[in-house]
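> generate a structure from the sequence data that follows.
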Amino acid sequence: MKVGIIGGGGRVGVSFAFHLLTTKVAREIVLIDVARELAEGEALDLTHATSTIGNVKISHGWIEAAAGCDVVVITAGARRKADETRLQLIQKNVGILDSTIDELMKVNRDAIVLVVANPVDVLTYRAVVKTGLSPNRVFGLGNVMDTVRFKSLLAARFGWNPPDVQAFLLGEHGDAMVPIWSQAVYSGMKLSLIPGVTKEALDEVFQKTKTSGADVIRMKGGAGWAVGVSISEVVVAIATDSKKVLPVSTLPQGAYGINDVCLSLPTVVGKGGAEGHVVLDLEKQELEGLKKAAEVLKQTYAQI
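Below is the predicted model:
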């Protein structure tokens, strides 16, 4: 598999590239960035690690380097400034995405496109519209990162083994995300049945998850390692055709009664991309939360 990373010289792009390198599922990783010397330097640094990790070609370039890529991951986007509104940031990043998609479609219309840049749900819907490709081949990271954080923080709070926690955050990648408590389990046990696990403690972990991104930005300038792992989880599922169920941002096409917007739903990910949705038996408030998130995102998209 050949994977192109647009924004590959940035913190998120490089963190993903390194983790993908360690998984050994890619034969070539291409760092694509307007800061060409930075991308070249990161590619050289990663190449120096291949004698220990494995035989993977690391290259760099601009959009033309995306030709022949099986998966293209878009991490490029502006960060919000102190005096900038959320809508201004959205409009700026929509502009960046539009120009990126226009150039990408000239050199590669066959790749699976994974949108990571924020606001990921709005940009994913924009990418679906702009590319004209099948929605199974254009989708976003969505709440995979939030879910990774959520499960890790649940494990830390209760002293559990992190990989044994199964839970989803669905809906918007933002304030309207929805914790799906009805499906959350630890080692096969529903959380509500585990001694010492209270609703108050669970809500506390969820609130901490919602603010963790801002905490990381305040402390170190932005997330890198965990988001790199999260992107790799999606790309590895594609490369290995694992049919893994992940909360990526997709076009629902009627699933859960939602249309005309992209948001995070439990989705089967394999070699065909976002291959279908898993319709969970949600509680009433969880389903209402998803529909509310859809309306919030539709209103946001309408403003651009």
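
> V3 should be in a strand, yeah?
Yes: membership of V3 in a strand is supported by DSSP: H, G, I helix; E, B strand; the rest coil.

> contacting residues for it?
If you count contacts by Cβ atoms under 8 Å, 6 or more residues apart in numbering, V3 has them with L20, A26, E28, I29, V30, C69, D70, V71, V72, V73, V235. In short, each C-beta sits where N, CA and C put it, glycine included.

> ok, now how distant is it from G224?
Distance check for V3 against G224: by Cβ to Cβ, to the nearest Å, it reads 18 Å.

> I217 now?
From I217 to G224 the distance is 11 Å (Cβ to Cβ).

> with A127 instead?
Taken as Cβ to Cβ, the spacing of A127 relative to G224 amounts to 23 Å.

> tell me which of those two has more neighbours.
A127 (26 against 19; other Cβ atoms under 10 Å).

> give the rounded mean pLDDT of the strand or helix carrying the more buried one.
Applying DSSP states H and E as the criterion places A127 in helix 120-131. With pLDDT averaged residue by residue, helix 120-131 scores 96.

> next helix or strand past it?
Heading C-terminal from helix 120-131, the first helix or strand you meet, by DSSP H and E, is strand 138-140.

> and that next one, what does it pack against?
Packing contacts for strand 138-140, counted by 3 or more Cβ pairs under 8 Å, 6 or more residues apart in numbering; DSSP states H and E, involve strand 112-115, helix 120-131, strand 249-250, strand 273-277.

> which positions within the longest one qualify as buried?
It refers to helix 120-131. Taking 16 or more other Cβ atoms under 10 Å as the basis for neighbour counts, the residues of helix 120-131 that come out buried are V120, D121, V122, L123, T124, Y125, R126, A127, V128, K130, T131.

> can you count the residues close to G188?
Here the neighbour count serves as a burial measure; for G188 (other Cβ under 10 Å) it reads 7.

> and it, how far from A255?
If you go by Cβ to Cβ, the gap between G188 and A255 works out to 26 Å.

> dihedrals phi and psi, Y186?
Here the main-chain torsion angles of Y186 (degrees, to the nearest 10) amount to phi -130, psi 120.

> still on that earlier bit, in a markdown table: the buried residues of helix 120-131, plus distance to V144.
Shown next, in a markdown table, are these (distance: Cβ to Cβ, whole Å):
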| residue | distance to V144 |
| --- | --- |
| V120 | 10 |
| D121 | 12 |
| V122 | 17 |
| L123 | 15 |
| T124 | 12 |
| Y125 | 17 |
| R126 | 19 |
| A127 | 16 |
| V128 | 18 |
| K130 | 22 |
| T131 | 21 |
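
> from the residues you listed, pick the one nearest I180.
Distance ranking of the buried residues of helix 120-131 against I180, using Cβ to Cβ, places D121 first at 17.0 Å.

> quick one, what contacts that closest one?
Contacts of D121 by Cβ under 8 Å, 6+ apart are G140, G142, E172, H173, G174, S249, V261, C262, L263, S264, L297.

> I'd assumed T124 was in contact with the last one.
To tie it back to what came earlier, the one meant is L297. No: using Cβ atoms under 8 Å as the test, L297 is too far from T124 to be in contact (9.8 Å).

> would you confirm that L282 contacts P179?
No: counting by Cβ under 8 Å, no contact exists between L282 and P179, whose distance comes to 11.3 Å.

> more neighbours, the two?
More crowded of L282 and P179, by other Cβ under 10 Å: P179, with 24 against 17.

> you'd agree the more buried one is up against K151?
No: between P179 and K151 no contact is recorded; they are 11.3 Å apart, counting by Cβ under 8 Å.

> find residues that contact each of the two.
Each of A167 lies in contact with both P179 and K151 under the rule Cβ under 8 Å, 6+ apart.

> which SS state does H173 fall under?
For H173, the secondary structure call by three-state DSSP comes out as coil.

> what ranges of the stretch 1-150 of the chain fall below the confidence cut-off?
Within the stretch 1-150 of the chain, the segments meeting pLDDT under 70 span 80-87.

> can you map out the helices along it?
Shown for the stretch 1-150 of the chain, the helices assigned by DSSP state H, counting those that start in this stretch span residues 11-23, 36-47, 50-53, 86-107, 120-131, 144-158.

> helices or strands next to the first one in the packing?
By that I understand helix 11-23. Packed next to helix 11-23, using 3+ Cβ pairs under 8 Å, 6+ apart, are strand 2-6, strand 28-32, helix 36-47, helix 50-53, helix 225-240.
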